[in-house]
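Requesting a structural model of the entry that follows:
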Amino acid sequence: MPQSATRQSRDDFAAACPPIQIDLHQRLLAIGHQLNSSLEPDQALNAMVQGARELLQASNVVIYHRPKDSQTLEPVAAAFSSPGNRPQPTMLPLEEGLPGRAIREAGPVALPPSDADPARLAIPLEIHGELHGALYACRPTPFGQADLMAAETLAIYVAAALHAARTHAHLRERERALGQLSDALQEGVWRVDAQGNTVYVNPRLAAMLGYQPHELRGRPVTDLMDAQSAIENSDTKRRRRAGQSDRYRCTLLHRDGTPVLVEIASGPLYNSKGAYDGALAAVTDLTERLAWIDRLRTSDARFRSLYDEMPGGSLIYRAVDDGADFVIVDVNRAAQEMDGYRAEDIVGGRVSDLMPADVQEQLLEPLRRVWRTGGSLLLGERAGAQLAPEPDPAPAQRRGGDRLQRRHRLHQSSARCRPPRPPAGRHRPCSARGSDLRKRSAGGRGRVARR
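Numbering: from 1, shown residues only. The predicted model follows:
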């Protein structure tokens, strides 16, 4: 496309063509009304290009937008005089084409018609002191001074509409992202206004109470609470208006009347003037959590009953010092009766402190091997027999750190520990006779098992 023509002055435009044969003032008013009546900014841009095409008597008009720090112009709206022939405008490099030239030169640029191309006009679009796009038009006849004045005036409207459209698109994207985040949360999200009426709930909270989200909008929060929680809500509102955030429990009501115990973490919201504008809360359903707690308590009680009623002695250890030593965490009744010590005398003590030196390594070595491998060990039938580890069922879980626990069942092969009765609150090293160890080792098999 030839670029030999240079930018023409307004006087050149005036000499090139007659004045526009329409009432410019009425045309601009009509475009302004279209802009104000469009609820969607994208619709306003489409109205803009249609009005610009008629105002400039152009064959086609395109609005280009330049994203921030981009070297490319993207078309956002276009209008064509021939409905059957609508070539789609494409992305333009900033360094090429008339729209990019108008932005680079920060002023209107016009080219007269040639044998190969129609007359073309480009006006930069200024938004908050920065150039973020261009208005481009072309037609068979040259653009005159009146056309230039009309296009520059129109560019002000177009820049405002473009800014509104980009801002609206950004807000829509943010709203979509926040909506996805809110919908993906496993917690309920509750937004109320300054009067305590529901503005927004996410699907999780609505499902928690047996509603659809739109059914809860506008409803007072007290409508969804039991009588006691509704009374306490007045104090909650007072704390929010005072700028306080807190966490508390209350009882909401399901659609069928079933009480739903929840935990609410809530904080105040403020408008642009700093005035109280409601609150935002995260709502956690405690029903499942409390059910899990009950099940855990039941399971723990069952374990404790089985553990204490086991015929064989059993101790539970916790690894410390990266598996170099072990702390006794629990001991069952059979082990206490078997070796004559009390749980309170040894629980919390280290094996290295409670056992004499000649017994420590015989107990610590199998415990260390169990902790390192994550498997189980069967103690040999005679003292000093080789320890054969069972296959490691979970190599990836071998090292559990200092929190890893092991269980050592005291059968007939285990060391016997008869600590003296220490004063309350003190631990003394346990004594163990080698003869007892040899007798037990010869009399049966023991097992170090992972718990």
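
per-domain residue ranges of the protein.
10-177, 186-285, 307-450 (automatic domain parsing).

would you turn those domains into CSV with mean pLDDT?
Listed next are the domains of the chain as CSV, based on pLDDT from 0 to 100:
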stretch, mean pLDDT
domain 10-177, 78
domain 186-285, 92
domain 307-450, 61
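
Would you tell me which of those gets closest to residue 301?
Nearest of these to residue 301, taken as C-beta to C-beta: domain 307-450 at 10.6 Å. Glycine gets a C-beta too; all of them are placed from N, C-alpha and C.

quick one, strands of the stretch 301-450 of the chain?
313-320, 325-331, 377-378, 388-389, 405-410, 447-450 (DSSP state E, counting those that start in this stretch).

what angle separates the strand or helix carrying residue 294 from strand 325-331?
Using DSSP states H and E, residue 294 sits within helix 287-309. Calculated by axes from the mean of the first three to the mean of the last three C-alpha atoms, to 10 degrees, helix 287-309 forms an angle of 90 degrees with strand 325-331.

Which of the residues in helix 287-309 are classified as buried?
By 16 or more other C-beta atoms under 10 Å, the buried positions in helix 287-309 come out as residue 307.

contacting residues around it?
Helix 287-309 has contacts (C-beta atoms under 8 Å, 6 or more residues apart in numbering) with 260-261, 314, 330, 332-334.

and with 10 Å instead?
208, 258-263, 286, 314, 316, 330-334, 336, 407 (C-beta atoms under 10 Å, 6 or more residues apart in numbering).

I'd like to know which of those residues are buried.
208, 260-262, 314, 316, 330-332, 334, 336, 407.

Now for these: which two are most distant?
So, these by C-beta to C-beta: farthest apart are 208 and 336, at 48.4 Å.

Relative to residue 160, how far out is residue 127?
8 Å (C-beta to C-beta, to the nearest Å).

Could you do residue 317 as well?
Distance from residue 317 to residue 160, by C-beta to C-beta: 75 Å.

which one of those two has more residues nearby?
residue 317 (26 against 17; other C-beta atoms under 10 Å).

so what's the more buried one bridging to?
In this entry, residue 317 is beta-bridged to residue 328, residue 406, by DSSP bridges.

Help me confirm that it comes into contact with residue 355.
No: using C-beta atoms under 10 Å, residue 317 is not in contact with residue 355, being 11.9 Å away.

Need the overlap of contacts for the two.
Taking C-beta under 10 Å, 6+ apart as the contact rule, residue 317 and residue 355 both touch 363-364.

on that earlier part again, just put the domains of the chain in CSV and tack on distance to residue 300.
What follows is those, written out as CSV (distance: least, C-beta to C-beta, whole Å):
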stretch, distance to residue 300
domain 10-177, 43
domain 186-285, 22
domain 307-450, 10
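
Check for me that residue 166 belongs to a helix.
Yes: assessed with DSSP: H, G, I helix; E, B strand; the rest coil, residue 166 lies in a helix.

how close does it get to residue 137?
21 Å.

When these two are compared, which one has more neighbours?
Comparing residue 166 with residue 137 by neighbour count (other C-beta under 10 Å), the higher total belongs to residue 137, at 28 against 18.

so residue 189, which of the three states?
Per three-state DSSP, residue 189 ends up strand.

those strands in the stretch 151-300 of the chain, which residues are they?
Under DSSP E, counting those that start in this stretch, the stretch 151-300 of the chain gives strands at 188-192, 198-201, 246-253, 259-270, 276-285.

now those strands as CSV including distance to residue 177?
Below are the strands of the stretch 151-300 of the chain laid out as CSV (distance: least, C-beta to C-beta, whole Å):
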stretch, distance to residue 177
strand 188-192, 14
strand 198-201, 15
strand 246-253, 26
strand 259-270, 19
strand 276-285, 17
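
before we move on, back to that, next, the angle from the helix holding residue 294 to strand 259-270.
Going by the same axes, to 10 degrees, helix 287-309 makes 130 degrees with strand 259-270.

angle of helix 287-309 against strand 313-320?
Using the same axes, to 10 degrees: helix 287-309 against strand 313-320 is 120 degrees.
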